[in-house]
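[1] Pasting the sequence and the predicted coordinates here, then a few questions.
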Amino acid sequence: MAQADESTQSIVVDARPAEIMAVIADFPAYPEWAAAVKQTEVLDRFDDDRAKQVRFTLDAGPFKDVYTLEYQWAQDGRRVSWDLVKGQMQRAQHGVYQLDPVGENSTKVTYTLSVQLAVPMIGLFRRKAEKMIMDIALKELKRRVEGR
C-alpha cells in the first residue's frame, strides 16, 4: 500500500529477478557492496531460511544508525518489503523492492522508501534524502548483480 510520503525510484538490471533477489536476500554480504552498511546480523529467520529480522549498522557520513528491519517475502520471489522494528535515529521505515521482468534477461527494480527520523526534518529535505539513498542503493545493487 503506497503512502503519500513515500519516494519511488527504478533502475533496469541486466539479470533475472531470481538473481537480483538472491543478492537482496544475502544480508551478510551487504558490507561488501553497500558502502554505507558497515555490519549486518540476521536475528531471526522464517522456516524457509529467509531472513525475518536483520540488524544493520549504517554509517552514511552525517547519518549513523543501528536499526532492525523485519522483512516480508512474496511467494513469487519478485517482491520484498520491510518495516522498522527499532532504530536509534529512525522512528519508522517502510521499504519495498519490486522486481518486474523486462524481456528475456533484464529486470526493472523499483525501490519504494519512506523514512521518519526521530529528529524532525522538513518533508522536502526528507524526500531528497530518501531519493539519494535509493539512487545509491539501486546503483550499488545493479553493480553487484551485474558484476557476479
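    Here it is on my side, so go on.
[2] doesn't residue 79 make contact with residue 112?
    No. Look at residue 112 against residue 79 with Cβ atoms under 8 Å: they stay out of range, at 10.4 Å. For glycine as for every other residue, the C-beta is placed from the backbone atoms N, C-alpha and C.
[3] what touches both of those two?
    Common neighbours of residue 112 and residue 79 (criterion: Cβ atoms under 8 Å, 6 or more residues apart in numbering): 96, 98.
[4] and whichever helix in the chain runs longest, average pLDDT?
    Ranked by number of residues, the top helix in the chain under DSSP state H is helix 123-146. For helix 123-146, the mean per-residue pLDDT is 83.
[5] Can you give me the distance of the residue of the chain most remote from its centre to residue 20?
    Most distant residue from the mean C-alpha position of the chain: residue 104, 24.6 Å away (Cα atoms, centre = their mean). Separation of residue 104 from residue 20 (Cβ to Cβ, to the nearest Å): 15 Å.
[6] Identify all contacting residues around the worst-scoring helix or strand of the chain on mean pLDDT.
    In the chain, no helix or strand scores lower on mean pLDDT, DSSP states H and E than helix 123-146, which sits at a mean of 83. The contact list for helix 123-146 (Cβ under 8 Å, 6+ apart) reads 5, 7-11, 13-15, 19-20, 23-24, 33-36, 60, 63, 109, 111, 113-117, 121.
[7] Over to stretch 66-84?
    Stretch 66-84 has contacts (Cβ under 8 Å, 6+ apart) with 17-18, 21, 24-25, 43, 46, 50-58, 85-100.
[8] Stretch 6-25 too?
    With Cβ under 8 Å, 6+ apart, stretch 6-25 has contacts from 29, 50-51, 73, 77-78, 80, 94, 97, 99-102, 105-114, 127, 130-131, 134-135, 138-139, 141-142, 144-146, 148.
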